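*Asks:* Need the 3D shape of this:
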Amino acid sequence: MKKILIKNAYLLFGKELQIVQNGSILINEHGTIEDVFTFKRNSENRGNTITNSVNKDNKIDTIDAEGFILLPGLINSHVHIGDSIGKDISADLDLNQRIHPQYGIKKTILERTPRSQLMQMIRNATMSMLHKGITTFVDFREGGLAGINLIQNAAENIPIKKIILGRIDFNVKYEDIKTTTRFLKNGKDTGSKGNPLRNEDSIEECDIIDQGNKIIENCDGFGISGANENTDEMLRLYNKIIMKYKQEGEGERTELKDHKKDPVVAIHAAEAETAVMESTKNYKKTEIERTIDTLNPDIYIHVTNPSNLDLQILYQNKKKIVICPRANGVLGTGFVPIRKMLEYNFELGIGTDNVMLNSPDMFREMDFLIKSQRAVEKDASFLDAKKVLKMATVNGGKIFGLNIGSIEKGFQADLLFIDKYDLDLYPIHDPHMSIVHRCTERQLKAVMIDGNFVLEKTSIR
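*Replies:* Below is the predicted model:
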């Protein structure tokens, strides 16, 4: 791969998405941004000087980006891509009836659909994301190691970045559907009180640890369904597996240049009021209180119905939050308390959640978020568009500790080319707002990942 110079770019630069009306981006042979040059529109000589200096050895391809807005690739920080076979099935049912991991309709669909069909639907959803400007997605993967292999095989030849968070899953049938994971520890029944574990349902701790180790060796960490679906002991086991993995690999990984990042742990929490009440009733603690004590995850998903104490706990423990506004809307679970979250200065990420609930479209997610929050707050100036766009780009990179989501030196060249003269965008007076609430798949003309064009709807070069 040659170096690439993108010139005459109207770009959103750096972690603050600063508007640069005439900039140049130099991308090295490895797909990393080597430098970003910003200067005023009338500084034509300076632009020519940069072009001539980097192109003197004829080893650089030059792209004229006149007419395009360049922004970082969108990061879909939470999605369930495996259920894309069940789009809008039972669309009027509630959260548990549709997607509960033990008895929801989703579980039945996944169990009864042939692997080949699931793979095709995963491929379709992945391509859909790419066509909508999503350059990285984070998938909560059901089905244990088999589920991880399924998505890896399905998306193998699609040039999109994926972060896969697996889950321990023995697919066991239980007497008590409220507790999906129970097992024998040291020969002792740790099932729910009054619901003894059947012999055929018993799972040894060593089996759980063994599967957990295999999962984190083959993906990027754990994506756990929710606190109410796991006993305290199971949540502690997840934590034990992660801590042991980090300790055992610390010396080995520090000696390697390209060592694997430490696995991340994410969990759904406070998505619905009913879930919060169930946790308080059964454990005398909210889901967030329980999981901080037992699991200590890095990332919390949803947090739609937290208590004030929950938010305080998350802040004190420096936890990260990914919100899913449209999923909360379609399931009727409420609006995320964005104002309170911003007061705590959380760096929020955005996800589109289950494909069976929503199309994996970050443009629609941003549009819904800003408009619904302004309606809830009854404040036309609440939640400015730049903050929302950062949630879909910059913050996603920060949350997962990757050099993505920002156009700046040292970051991967994941870029979107937006037609700024499109009928629905031109004239653009506020680029951040125009992208957040007017931009769609139609205005996206090209997608670059690691300096390579992976999608071109029109000739850019």
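*Asks:* Hmm, residue 303 is touching residue 270, no?
*Replies:* Yes. Under the criterion of C-beta atoms under 8 Å, residue 303 makes contact with residue 270 at 5.0 Å. C-betas here are computed from N, CA, C, even on glycine.
*Asks:* who has more neighbours, those two?
*Replies:* Set residue 303 next to residue 270 and count neighbours by other C-beta atoms under 10 Å: residue 270 wins out with 28 against 25.
*Asks:* Verify the stated contact: the more buried one with residue 308.
*Replies:* No. The criterion here is C-beta under 8 Å, and residue 270 misses it with residue 308 at 12.0 Å.
*Asks:* could you pull out the strands for the stretch 201-350 of the chain?
*Replies:* 221-224, 264-269, 299-302, 320-323, 348-350 (DSSP state E, counting those that start in this stretch).
*Asks:* Who does the last one pair with, and is each partner parallel or antiparallel?
*Replies:* Going back to what we said before, that points to strand 348-350. strand 320-323 (parallel) (DSSP bridges).
*Asks:* What mean pLDDT does the strand it pairs with get?
*Replies:* Averaging pLDDT along strand 320-323 gives 98.
*Asks:* which element is residue 78 on?
*Replies:* Here residue 78, judged by DSSP states H and E, is contained in strand 74-80.
*Asks:* got the angle for that strand vs strand 264-269?
*Replies:* Per axes from the mean of the first three to the mean of the last three C-alpha atoms, to 10 degrees, the angle that strand 74-80 makes with strand 264-269 is 60 degrees.
*Asks:* What strands line up against strand 74-80, and which way round?
*Replies:* strand 134-140 (parallel), strand 353-354 (parallel).
*Asks:* Which one of the ones you listed lies nearest to residue 460?
*Replies:* Closest of these to residue 460 is strand 134-140, at 15.8 Å (criterion: C-beta to C-beta).
*Asks:* Just the CA atoms of the closest one, as CSV, please.
*Replies:* These are the backbone C-alpha positions of strand 134-140, laid out as CSV (Å, rounded to 0.1, in the frame of the first residue of the first chain):
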residue,chain,number,x,y,z
ILE,A,134,-20.2,1.9,10.5
THR,A,135,-16.6,1.0,10.3
THR,A,136,-16.5,-0.8,13.7
PHE,A,137,-19.2,-2.7,15.6
VAL,A,138,-19.3,-4.3,19.0
ASP,A,139,-21.3,-7.5,19.1
PHE,A,140,-22.7,-9.2,22.2
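*Asks:* per-residue pLDDT, the closest residue to residue 337 other than its chain neighbours?
*Replies:* Residue nearest to residue 337 in three dimensions, not counting chain neighbours: residue 306, with 6.9 Å by C-beta to C-beta, 6 or more residues apart in numbering. Note for residue 306: predicted pLDDT of 97.
*Asks:* that older thread, need the strands of the stretch 201-350 of the chain in JSON lines (columns: distance to residue 405 and mean neighbour count).
*Replies:* Putting the strands of the stretch 201-350 of the chain into JSON lines (distance: least, C-beta to C-beta, whole Å; neighbours: other C-beta atoms under 10 Å) gives the following:
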{"stretch": "strand 221-224", "distance to residue 405": "18", "mean neighbour count": "26"}
{"stretch": "strand 264-269", "distance to residue 405": "16", "mean neighbour count": "26"}
{"stretch": "strand 299-302", "distance to residue 405": "15", "mean neighbour count": "26"}
{"stretch": "strand 320-323", "distance to residue 405": "13", "mean neighbour count": "25"}
{"stretch": "strand 348-350", "distance to residue 405": "10", "mean neighbour count": "26"}
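*Asks:* show me what contacts the residue lying closest to residue 448 once chain neighbours are set aside?
*Replies:* Spatially, and ignoring its direct neighbours in sequence, residue 448 is nearest to residue 415 (4.3 Å; C-beta to C-beta, 6+ apart). Neighbouring residues of residue 415 by C-beta atoms under 8 Å, 6 or more residues apart in numbering: 6, 25, 70-73, 407, 447-448.
*Asks:* re the thing from before, gap between the strand holding residue 78 and the chain center?
*Replies:* Counting by C-alpha atoms, centre = their mean, to the nearest Å, strand 74-80 is centred 3 Å from the centre of its parent chain.
*Asks:* What's the mean pLDDT across the next helix or strand after it?
*Replies:* For strand 74-80, the following helix or strand on the C-terminal side (DSSP H and E) is helix 95-99. In this model, helix 95-99 has an average pLDDT of 82.
*Asks:* Buried residues of the helix or strand following helix 95-99, list them for me.
*Replies:* Sequence-wise, the next helix or strand downstream of helix 95-99 (DSSP H and E) is helix 105-112. Neighbour counts using 16 or more other C-beta atoms under 10 Å place 105-107, 109-110 of helix 105-112 among the buried residues.
*Asks:* right, and the helix or strand after helix 105-112?
*Replies:* helix 115-131.
*Asks:* pLDDT value on residue 106, please?
*Replies:* Confidence at residue 106, expressed as pLDDT, is 82.
*Asks:* which residues does it contact?
*Replies:* Contacts were defined as C-beta under 8 Å, 6+ apart; by that measure residue 106 touches 83, 86, 98-100, 354, 356.
*Asks:* Redo those residues as a markdown table? Include neighbour count and distance to residue 65.
*Replies:* Output for these, formatted as a markdown table (neighbours: other C-beta atoms under 10 Å; distance: C-beta to C-beta, whole Å):
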| residue | neighbour count | distance to residue 65 |
| --- | --- | --- |
| 83 | 28 | 38 |
| 86 | 21 | 40 |
| 98 | 22 | 43 |
| 99 | 24 | 41 |
| 100 | 20 | 47 |
| 354 | 25 | 36 |
| 356 | 23 | 37 |
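*Asks:* Export those residues to TSV and append columns for distance to residue 280.
*Replies:* Output for the contacts of residue 106, formatted as TSV (distance: C-beta to C-beta, whole Å):
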residue	distance to residue 280
83	29
86	31
98	23
99	22
100	19
354	26
356	29
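*Asks:* now stretch 205-215, how far from the centre of its chain.
*Replies:* Put simply, stretch 205-215 sits 25 Å off its chain's centre (C-alpha atoms, centre = their mean).
*Asks:* And for stretch 423-440?
*Replies:* The gap between where stretch 423-440 is centred and where its chain is centred comes out at 24 Å by C-alpha atoms, centre = their mean.
*Asks:* secondary structure element for residue 6?
*Replies:* Per DSSP H and E: residue 6 is located in strand 3-13.
*Asks:* Check which helices and strands the next helix or strand after that strand sits against.
*Replies:* Sequence order places strand 18-27 as the next helix or strand after strand 3-13, per DSSP H and E. In terms of contacts (3 or more C-beta pairs under 8 Å, 6 or more residues apart in numbering; DSSP states H and E), strand 18-27 is packed against strand 3-13, strand 33-38, helix 44-54.
*Asks:* Please name the nearest non-neighbouring residue to residue 125.
*Replies:* In this structure, residue 125 finds its nearest non-sequential neighbour in residue 84, 4.2 Å apart by C-beta to C-beta, 6+ apart.
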